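# predicted coordinates and the sequence they were generated for:
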Amino acid sequence: MSQTSSALRPGGTVIVTGGAGFIGCAISPALVENFDRVVVVDNLHPQIHSSGSRPAELAAGAELVVADITLPETWDKVLQDVEPDVVIHLAAETGTGQSLEESTRHAHVNVVGTTQLLDGLNRSGRLPRRIVLSSSRAVYGEGAWRRQDGSLFHPGQRTSETLDLAQWDFPDAEPTAMKASETFPAPASVYGATKLAQENILQTWANAYGVETAILRLQNVYGPGQSLINPYTGIMSLFCRMAKSGKSIPLYEDGNVRRDFILIDDIASAIVAAAVSADVSKEPLDIGSGEFQTIGTAARLIAEHYGAPEPHVSGQYRQGDVRHAWADIEAAQRVLGWTPKVHLAEGIERLATWIDEQPDVQPA
Ligand SMILES: NC(=O)c1ccc[n+]([C@@H]2O[C@H](COP(=O)([O-])OP(=O)(O)OC[C@H]3O[C@@H](n4cnc5c(N)ncnc54)[C@H](O)[C@@H]3O)[C@@H](O)[C@H]2O)c1
């Protein structure tokens, strides 16, 4: 189903929540080009922003309002001055593992932060034409697997019992690509559950008010600009810091966990396309490179770059991690006229080059 907006064109005003983060900074130059006014609302969370100051990577033309999206007064103040045509909602707590221990914190920012934004828009009467949400492949949990007879099933969350026995895969079945039209959401982490709640709340609200939505389910984003201090996210930057300090990278499970790593530049072009394109889809769109790699492959490429020792299988596992994840990107390519361009090896070179240029990078 397609929602068409005849009025949508570059220009006007965009609000970006969490716009001072990794993805927000990366999209900021294109937003400044495409919109007349770009207003970032971000509390410069200390887990991501060690200095607490405006990131140098945020485009100069973007206005930064340092404020917490979970507070109603944030929205009353911002929306007094700003009339948004488009809202890009990025602000979130993003630690998959951390979300199990700090579920209230994740629910508060991700779920209540979203409802406060929507209530604030209502109170102001300034409803945007479109809201773009950066959702996550975490909403799928383990996704759909195919039995040997060809039938699909949704295996649900892996249990501590099977993981303790090192039964990583579901027996006699193969994983399939995540595809919004076929794969049921079944989160395997509190983080994933909060992202699904964001989607459902936004969709219900937007349907009621005739606001367009673009819900993008992002796979694993990596690349220059990724936080080098947040211990809870960013496996590629973590691996780079380990290899740079001469360590052998430990591989969880058996090292064959599959992920769809997508370079930040390719994510940025997808989000900007969702913000400015004439058409968006009511269905969520899966955004990734469209290919999977094992964690072992990614770690070996990084170890080779740094001349570090071979990665080793540690056999550890982390609650909330799913076994395999990659996106079917056909719908996103069709709807957004977008395509990812950068393959993993080149992306890793770009990430490592950027890390090497950063001052005071701490070993992981
Ligand atoms: N990076 C990925 O691999 C990935 C994958 C899937 C989905 N996503 C989604 O993309 C979005 C952005 O991710 P990112 O990688 O840029 O994360 P990030 O942590 O770099 O950026 C998030 C930003 O939100 C801000 N923020 C956090 N809590 C806030 C609050 N209460 N009020 C105002 N601002 C707040 C932070 O200061 C930060 O600048 C998130 O919604 C995340 O769930 C990211």
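Yes, it's here.
# can you pull up the most central residue in the protein?
Centroid-nearest residue in the chain: residue 218, 4.7 Å away (criterion: C-alpha atoms, centre = their mean).
# kindly provide the distance from it to residue 327.
9 Å (C-beta to C-beta, to the nearest Å). Just so you know, the C-beta spots here come from the backbone N, C-alpha and C atoms, and that holds for glycine as well.
# any residues in contact with both of the two?
In terms of C-beta atoms under 8 Å, 6 or more residues apart in numbering, residue 218 and residue 327 are both contacted by the residues 137, 287, 288.
# the first one contacts residue 324, doesn't it?
Pointing back at residue 137 there. No - with contact defined as C-beta atoms under 8 Å, residue 137 does not reach residue 324; the gap is 10.6 Å.
# quick one: low-confidence ranges for the stretch 251-364 of the chain?
Along the stretch 251-364 of the chain, the model assigns pLDDT under 70 to no residue.
# where do the helices of the protein begin and end?
22-34, 72-81, 98-101, 103-107, 113-124, 160-164, 190-209, 235-244, 264-276, 295-306, 330-336, 344-357 (DSSP state H).
# tell me which of these lies nearest to residue 283.
The closest of the helices of the chain to residue 283 is helix 330-336. By C-beta to C-beta, the value is 6.9 Å.
# can you point out the buried residues in the closest one?
Using 16 or more other C-beta atoms under 10 Å as the test for burial, helix 330-336 gives 331, 332, 333, 335, 336.
# next, format those as JSON lines and append distance to the ligand.
Shown next, in JSON lines, are the buried residues of helix 330-336 (distance: C-beta to the nearest ligand atom, whole Å):
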{"residue": "331", "distance to the ligand": "17"}
{"residue": "332", "distance to the ligand": "14"}
{"residue": "333", "distance to the ligand": "18"}
{"residue": "335", "distance to the ligand": "18"}
{"residue": "336", "distance to the ligand": "16"}
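# excluding its backbone neighbours, what's nearest the residue nearest to the centre of the chain?
With C-beta to C-beta, 6 or more residues apart in numbering as the criterion, residue 218 has its nearest non-adjacent residue at 5.1 Å, and that residue is residue 287.
# pull the number of nearby residues for the one you found.
32 (other C-beta atoms under 10 Å).
# quick check: it vs the ligand, distance?
Counting by C-beta to the nearest ligand atom, to the nearest Å, the gap from residue 287 to the ligand is 9 Å.
# let me know whether that residue touches residue 219 as I believe.
Yes - the criterion here is C-beta under 8 Å, and residue 287 meets it with residue 219 at 6.7 Å.
# now do the shared contacts for those two.
Common neighbours of residue 287 and residue 219, using C-beta under 8 Å, 6+ apart, are 262, 327.
# going by proximity to the ligand, name the top residue of the stretch 1-150 of the chain.
Minimum separation of the stretch 1-150 of the chain from the ligand (C-beta to the nearest ligand atom) falls at residue 21, amounting to 2.0 Å.
# how many neighbours does that residue have?
Look at residue 21: counted by other C-beta under 10 Å, it has 28 neighbours.
# tell me how many other residues crowd the closest residue in space to residue 30 that isn't next to it in sequence.
Leaving aside its chain neighbours, residue 30 sits nearest to residue 272 (4.5 Å; criterion: C-beta to C-beta, 6+ apart). Residues lying near residue 272 (other C-beta under 10 Å) number 24.
# residues in contact with residue 272?
Counting by C-beta under 8 Å, 6+ apart, residue 272 touches 27, 30, 31, 34.
# returning to what we had before: mind putting the buried residues of helix 330-336 in TSV, distance to residue 344 included?
Formatted as TSV, the buried residues of helix 330-336 follow (distance: C-beta to C-beta, whole Å):
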residue	distance to residue 344
331	22
332	19
333	19
335	25
336	22
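# now for those: which two are most distant?
Taking C-beta to C-beta, no two of those sit farther apart than 331 and 336, at 8.9 Å.
# list residues touching both of these two?
Residues within reach of residue 331 and of residue 336 at once, by C-beta under 8 Å, 6+ apart, are residue 285.
# could you tell me which residues of the stretch 101-250 of the chain lie near the ligand?
Residues of the stretch 101-250 of the chain found near the ligand (C-beta under 6 Å from any ligand atom) are 109, 113, 134, 136, 218, 220, 221, 227.
# for those residues, which entry has the maximal number of neighbours?
Using other C-beta under 10 Å as the neighbour test, these are led by residue 134, with 29 neighbours.
# now residue 338: closest residue in space that isn't a chain neighbour?
residue 273 (4.6 Å).
# I'd like the distance between that neighbour and residue 27.
10 Å.
# residues near the nearest residue to residue 215 once chain neighbours are set aside, how many?
Spatially, and ignoring its direct neighbours in sequence, residue 215 is nearest to residue 284 (4.1 Å; C-beta to C-beta, 6+ apart). Residue 284 has 23 neighbours, counted by other C-beta under 10 Å.
# residues contacting residue 284?
Contacts of residue 284 by C-beta under 8 Å, 6+ apart are 135, 180, 199, 215, 216, 217.
# was I right about residue 80 contacting residue 126?
No - counting by C-beta under 8 Å, residue 80 does not reach residue 126; the two are 9.2 Å apart.
# more neighbours: those two, which one.
Set side by side, residue 80 and residue 126 show more neighbours around residue 126, with 18 against 10, by other C-beta under 10 Å.
# can you tell me which of the shared contacts of residue 218 and residue 327 are in strands?
residue 287 (DSSP state E).
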